[in-house]
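>>> okay, here's the prediction I keep looking at, along with the sequence it came from:
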Amino acid sequence: MSDIKPRDVQVSVIDADTTVLRSRTWDRLKFEVEYSLQRGTTANSYLIQAEKTALIDPPGESFTEIYLHQLQQYLDFRQLDYVIAGHVNPNRCTTLKALLKLAPQLTLVCSKPAVVALRTFFSEQNLKIQVARGEEVLDLGKGHQLQFIPAPNPRWPDELYTFDPATRILFSDKLFGVHVCGDQVFDENWKHLDEDRRHYYDCLYAAQSRQVEITLDKFTSLPIKKYAPCHGPVVRYSKSRLTQDYQQWSQQQKEKEITVALIYASAYGNTATLAQALAKGITKSGVGVESINCEFTEPEEIQAAIEKCDGFIIGSPTLGGHMPTQVQTALGIVLSSATKSKLAGVFGSYGWSGEAIDEIEKKLQNAGYRFGFDSIRVRFKPNDLTLQECKEIGTDFAQALKRAKKNRDIRQPVSDSQIDRTEQAVGRIVSPLCVVSAKRGDVKSAMLASWVSQASFNPPGVTVAVAKDRAIEPLLHTKDKFVLNVLQEGMNLRRHFLKSFAPGSDRFAGLETQSAENGCPILSNALAYLECTVESRVECGDHWVVYAVVDHGQVLQSGGMTAVYHRKSGGQY
């Protein structure tokens, strides 16, 4: 018997006159292929039934049949006045087409850029379209005077958010979503969503962080009580936290030392999907990306991005054997503005021939640019393997930029010497036995640790697993300081810290110690020590895994060997 649950539609009232229909799947939706994880998702649609009736963000074709079947139990289709689309794509248009057959009287409300897509898809049907320009209000009665917030971005240039002042709900379409499937309509257990929310942001918004900041600024004047995204739970309990997270994540992207300008146009969404995968691979390496859809970006903005970036990648579909006019314009800006030292890349999708990719590649080659990867050519829609390849290509491209920057940098002699000492100390960590020592105020403690590993190169960082019942655990929260003492083989320090200590006793009694710059004890007979600052903690069953950045380090016994503890069982230390 299969463990896969069938798709369904969960219905719940979330506020006055407002109902959510959560189309659920425990599989990954095909059109979210670039997201990678397979934890299921919900496609949320919202129904406001006042004096007039509006339906917000109907789901894509994966749910069309079950969605309309469930919807008819709550709605007389003859009384449906408006359908509001946060964005338009072929998947959503399939459901819209089915809705129009049931409710031909309805009016579609969308942003101006979405009109072109709607006219193309519904070329044979007469549509009633109302363009939401931002200053107009859609009055449904009973106080539901809907306000519209156009928020174009490279991925969804037709993005439109809807705010209902009667319920203070912001219908945020893709923004603030998460791809998980469950029974919770609201975010009561929002702490469990942290990792998935961050992954969602990294996949869909990291490459357009500048637009995210602009959008968040538009919300400051609105008395928002809830976010109603098209994926995941309705955001009620963690609204402030999630807003701050988006602000922080976007700021972090903006502060990246190395950046890539990712310029593209997309006729059917396939080239945009490739761009998203490349961006994910680049950002994963700690390099910033500025995603630019040149169909909706002014030439001055493209030039500014090209001038400040360290590398650029251009993507294009092939239309009639050529690249679109907007890509031609962007390529001209690149050729006239980008220095030859900038690393280049080319990608694109096509239906039959793919001449646009060859044309871009040839012009860049003739101009003398170096390429960070072989041009990516994808016929029709990319599959999982292709997108994984694009992510890895993006990572390699970013690493090449980082190596180039490292070779250009000139280090000062003093800092060079300090970095050498620290790297020597970090290099001693190979499945070691260590003593973690910490001090806060008058309280100090220590523990013997064998679950220690180097975790990052830049900045140098380590992870330490700390059992929840350890006495030292309260001293190892975010921003706390500690010293990691790497023990030397054959010394008695191991025996000292293996013994049981009475509550409140001095763990350092009888030992020779000195004080580190961060105030924590250093064991003078240790092989090496690292002064660390806790950056984050992750709960892992009966342990906390603490990630810390190494601020300073030094080898104390240059001829010694690192002490290693070989366990007989993974069920004990």
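Thanks, I have the structure now. Numbers count the residues shown, from 1 in each chain.
>>> residues contacting K405?
Contacts for K405 (C-beta atoms under 8 Å, 6 or more residues apart in numbering) come out as E257, I258, D310. To be clear about C-beta, it is placed using only N, CA and C from the backbone, and glycine gets the same treatment.
>>> output those in TSV; the columns should cover pLDDT.
As requested, those are arranged in TSV below (pLDDT from 0 to 100):
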residue	pLDDT
E257	90
I258	93
D310	96
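>>> what is the nearest of these to K191?
K191 lies nearest to E257 out of the contacts of K405, by C-beta to C-beta, at 31.5 Å.
>>> okay, strands next: where are they in the stretch 201-350 of the chain?
Listed in chain order, the strands of the stretch 201-350 of the chain (DSSP state E, counting those that start in this stretch) span 226-229, 259-264, 288-293, 311-315, 343-350.
>>> want to try CSV for these, with distance to N153 and mean neighbour count as columns?
Shown next, in CSV, are those (distance: least, C-beta to C-beta, whole Å; neighbours: other C-beta atoms under 10 Å):
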stretch, distance to N153, mean neighbour count
strand 226-229, 15, 24
strand 259-264, 13, 26
strand 288-293, 8, 25
strand 311-315, 16, 27
strand 343-350, 20, 25
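>>> same list (those) but as a markdown table, adding mean pLDDT.
Listed next are these as a markdown table, based on pLDDT from 0 to 100:
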| stretch | mean pLDDT |
| --- | --- |
| strand 226-229 | 98 |
| strand 259-264 | 96 |
| strand 288-293 | 94 |
| strand 311-315 | 97 |
| strand 343-350 | 96 |
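>>> as JSON lines, those strands with distance to P6 would be great.
Putting these into JSON lines (distance: least, C-beta to C-beta, whole Å) gives the following:
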{"stretch": "strand 226-229", "distance to P6": "24"}
{"stretch": "strand 259-264", "distance to P6": "37"}
{"stretch": "strand 288-293", "distance to P6": "36"}
{"stretch": "strand 311-315", "distance to P6": "38"}
{"stretch": "strand 343-350", "distance to P6": "33"}
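>>> export the contacts of K405 as CSV, with columns for neighbour count and distance to G372.
Shown next, in CSV, are those (neighbours: other C-beta atoms under 10 Å; distance: C-beta to C-beta, whole Å):
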residue, neighbour count, distance to G372
E257, 11, 18
I258, 17, 13
D310, 20, 11
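>>> list the buried residues in stretch 125-144.
Neighbour-count burial for stretch 125-144, counted by 16 or more other C-beta atoms under 10 Å, picks out L127, V131, A132, L138, L140, H144.
>>> among those residues, which lie within strands?
V131, L138 (DSSP state E).
>>> need the max-distance pair from the buried residues of stretch 125-144.
Greatest spacing in the buried residues of stretch 125-144, by C-beta to C-beta: L127 and H144 (23.6 Å).
>>> helices of the stretch 51-200 of the chain, start to end?
64-71, 90-102, 112-121, 194-204 (DSSP state H, counting those that start in this stretch).
>>> now the second one: buried residues?
Along helix 90-102, these residues count as buried under the neighbour rule (16+ other C-beta under 10 Å): N91, R92, C93, T94, T95, L96, A98, L99, L100.
>>> next, the angle helix 64-71 makes with it.
If you take axes from the mean of the first three to the mean of the last three C-alpha atoms, to 10 degrees, helix 90-102 sits at 50 degrees to helix 64-71.
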